[in-house]
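How does the following fold in three dimensions:
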Amino acid sequence: MNSLDEAMMLFNAAVARNEPSNQSFEIMINGKPYRTERAMLTYKDVVELAFPGHGPIHVFDVSFSGGIGTNKEGILDPRSGYVFIHNGTKFSAYDTSNA
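Next comes the predicted model:
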């Protein structure tokens with residue numbers, strides 16, 4: 001195995017565990033720029049960025065566009081939703097608790 005293969009294997013393992021990568025990504029949430037070192041974001045990650053310190057009774061709708069691969073756009077499920085991102089991935093996150 002060469003060094004590139006080893007690096008890709010380590011990167012893929014880190015992504016699978018949702019650990020920070022050695023790369024930074026600029027994303028947009030509700031039109032506001034954010035930076036993250038995670039190549040994969042979950043529903044919880046997006047909500048924490050958009051609404052830091054939110055209470056446990058809040059419910060959010062989170063949608064995205066500009067994802068990678070077959071998951072280019074959609075809605076993130078609170079229980080299992082995730083998306084692989086790159087620079088420019090856009091999210092909409094709204095508190096629907098009182099809707």
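
In terms of helices and strands, where is F91?
F91 is part of strand 90-95 when elements are defined by DSSP states H and E.

for that strand, packing partners?
strand 25-29, helix 43-50, strand 60-65 (3 or more Cβ pairs under 8 Å, 6 or more residues apart in numbering; DSSP states H and E). (C-beta placed from N, C-alpha, C; glycine too.)

quick one: contacts for the residue nearest in space to the middle of the chain?
For the chain, L41 is the residue whose C-alpha lies nearest the centre (Cα atoms, centre = their mean; 2.0 Å). Residues near L41 by Cβ atoms under 8 Å, 6 or more residues apart in numbering: I27, Y82, V83, I85, T89, F91.

and it, what element?
Using DSSP H and E, L41 falls in strand 40-42.

returning to what we had before: how about TSV for the helices and strands packed on strand 90-95, with mean neighbour count, mean pLDDT and distance to N98 added?
Listed next are these as TSV, based on neighbours: other Cβ atoms under 10 Å; pLDDT from 0 to 100; distance: least, Cβ to Cβ, whole Å:
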stretch	mean neighbour count	mean pLDDT	distance to N98
strand 25-29	18	96	20
helix 43-50	19	94	16
strand 60-65	18	95	12
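
how about the ones you listed in CSV, adding distance to D77?
Shown next, in CSV, are these (distance: least, Cβ to Cβ, whole Å):
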stretch, distance to D77
strand 25-29, 17
helix 43-50, 6
strand 60-65, 9
